[in-house]
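>>> Quick one, structure for this:
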Amino acid sequence: MDCAPGASLSAARVGLNFQHGDFRSARPRSGSSIASSSGRSGALVVQSKKKGPEEWSYPWPKKITKDMQKDALNLLCRYKPLPVKPKPVTLPFEKPIIDLEARIEEVRDLANKTGVDFSGQIEELEQKYHQVRQDLYKNLTPVQRLNLARHPNRPTFYDHVLNMTDKWLELHGDRAGHDDAAIVTGIGKMEGMSFMFIGHQKGRNTKENLYRNFAMPQPWGYRKALRMMKHAAHHGFPILTFVDTPGAYAGLEAEETGQGEAIAMNLREMFGLKVPIITTVIGEGGSGGALAIGCGNKMLMMENSVYYVASPEACAAILWKSAEAAPKAADALKITPTDLKELKIVDEIIPEPLGGAQYDPETASKNIKKVLLRHMEDLLKMDTQSLLKQRHNKYRSIGEFEEFANLDSSEKRSMKPRDAPVPEEPAEELLLPDGLSTSKPANGFPSSLRVDGVPVSSVEYASAKERAV
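The predicted model follows:
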């Protein structure tokens, strides 16, 4: 630093704070030792603040008090109440409600300042407010419901678990050196019965979202979930899974360590677990990342949740080459609970408080608990074979198809015709016992299946063949 001859900085000493690389001017604190510069003109006094000890992050505090000993297991939980209440977030479609709220407050302030009675106007505005709010949230579009499912203040998996359970103990690790924070697992007790809880965990702020990887599990997260499912099946605990993820993490490391294999393994193993499984979508359920813990006997969805194979933004970018077409894609994807129940994918829709679960998390959790216990009561009455068969049939019945259907020409317009001519060769008739036959062309592959000369499906043909043999 250049200084004029004879200038002295001893009267206005400058301190630089080097903590965390932040160079800020700071005044010398009382009791701090700073080298005297009274004997030298033009000297610069620099104060270097030592970096203090890092914040204690281990679940157990350094000192255990008597109050902590009463409920010591809660200290193992990393999920703590936020020191500051999260700020309210207004979604774009909620602007009419916010405008009415501001108008009501404005009239009340005017009444307080002037002393004029505006009770009639205030009552009229409040009635209009409640009516607009009712109409808005009861007639949400798919993209508006998607925004509610992604609401920053929406209750997370941990919020629901702590509201529903009487006792809760979190379990960690995949026993292979990893513990994915995006998936939380543990044993909880409700109404005197133990359950295995498994769910995606989103963060409540940026710091938590980074720690939880925005609820996008790595392969070891799914392996941890599978380990807990097998543990539950071994001990006879019913399994409750909660879906709230935009999808499995698609990073390079995740693909290198077997993301697809981990998801496929979960899908296969869940169909063989001999305990009841109920899946609840509490936020957004994205693609295979949601399905990897979602193959259960019952599928439940909260009123303002969504379930999709691809996000509307991704679908719009692929089909319409623009993310601005997301509302159109959301309508076409059928992602809402009402649409999915009509398609017989969802068994029941769990109601939420008006405006979304973020307005009353405890009531939302109570609604989930009530529906879960009712469905679990029915599943516990089934024997093991009936339970497995019901789970298989549920997913085998999803979707519609028709064999030997004659497509209309308008439905074939996107099919590219074959360039090379197709040789018409007489088919060789293969006779099988008891009236079974199949037409076998020159390429060696059966082109049609018949029983007593009548075309049948492959399933019917196999059944008839088995009876004949």
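
>>> For the rest of this, base every contact and every neighbour count on C-alpha atoms.
Fine.

>>> Now for the spatially closest residue to Pro219 that is not a sequence neighbour, how many residues are close by?
Sequence neighbours aside, Gln259 is the residue nearest to Pro219 in space, at 4.7 Å (criterion: C-alpha to C-alpha, 6 or more residues apart in numbering). Neighbours of Gln259 under the rule other C-alpha atoms under 10 Å: 25.

>>> again with Leu343
Neighbours of Leu343 using other C-alpha under 10 Å come to 14.

>>> confidence score at it?
Per-residue pLDDT puts Leu343 at 91.

>>> Residue numbering should commence at 3 henceforth.
Fine by me, first position is 3 from now on; the one you just mentioned is Leu345.

>>> can you tell me which residues contact it?
400-401 (C-alpha atoms under 8 Å, 6 or more residues apart in numbering).

>>> what do you get for Ile295?
200-201, 224, 227, 243-245, 268-269, 281.

>>> let's see it at 10 Å
By C-alpha atoms under 10 Å, 6 or more residues apart in numbering, the contact list for Ile295 reads 200-202, 224, 227-228, 231, 242-245, 265, 268-269, 272, 279-281.

>>> same question, Val134
98-99, 102, 128, 140.

>>> how does it look with 8 Å?
98-99.

>>> so after the strand or helix carrying it, what's the next helix or strand?
Counting by DSSP states H and E, the element that carries Val134 is helix 121-140. Using DSSP H and E, the helix or strand that follows helix 121-140 in sequence is helix 144-151.

>>> which other helices and strands contact that following helix?
Applying 3 or more C-alpha pairs under 8 Å, 6 or more residues apart in numbering; DSSP states H and E, we find helix 144-151 packed against strand 279-288, strand 308-310, helix 328-335.

>>> how big is the angle separating the helix or strand following it from strand 279-288?
Remark: after helix 144-151, the chain's next helix or strand is helix 159-166, criterion DSSP H and E. Comparing the axes of helix 159-166 and strand 279-288 via axes from the mean of the first three to the mean of the last three C-alpha atoms, to 10 degrees yields an angle of 140 degrees.

>>> average model confidence for helix 159-166?
Mean predicted lDDT for helix 159-166 stands at 93.

>>> how about it: buried residues?
Residues of helix 159-166 classed as buried by neighbour count (16 or more other C-alpha atoms under 10 Å): 159-163, 166.

>>> Tell me which other helices or strands that helix touches.
Using 3+ C-alpha pairs under 8 Å, 6+ apart: helix 159-166 touches strand 195-202, helix 363-382.

>>> Pull out the buried positions in the longest one.
Put plainly, it is helix 363-382. 363-367, 369-371, 374, 377-378, 381.

>>> and if you look at stretch 165-182?
166-167, 170-176, 181-182.

>>> swap in stretch 98-113?
99, 102, 105-106, 109-110.

>>> do the same with stretch 384-397
Here stretch 384-397 shows 389-390, 392-394, 396 as buried, counting by 16+ other C-alpha under 10 Å.

>>> Looking at these, spot the one nearest Leu302.
Lys396 (13.3 Å; C-alpha to C-alpha).

>>> That closest one - nearest residue in space that isn't next to it in sequence?
Asn299 (7.3 Å).

>>> show me the contacts for the one you found.
278-281, 389, 392-393, 396.

>>> Quickly list the domain ranges of this structure.
By the assignment in automatic domain parsing, the chain contains the domains 3-50, 94-141, 149-398, 425-470.

>>> one step back: could the helices and strands packed on helix 144-151 be laid out in CSV, adding distance to Pro88, mean pLDDT and mean neighbour count?
Listed next are the helices and strands packed on helix 144-151 as CSV, based on distance: least, C-alpha to C-alpha, whole Å; pLDDT from 0 to 100; neighbours: other C-alpha atoms under 10 Å:
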stretch, distance to Pro88, mean pLDDT, mean neighbour count
strand 279-288, 18, 95, 27
strand 308-310, 24, 95, 26
helix 328-335, 28, 93, 18
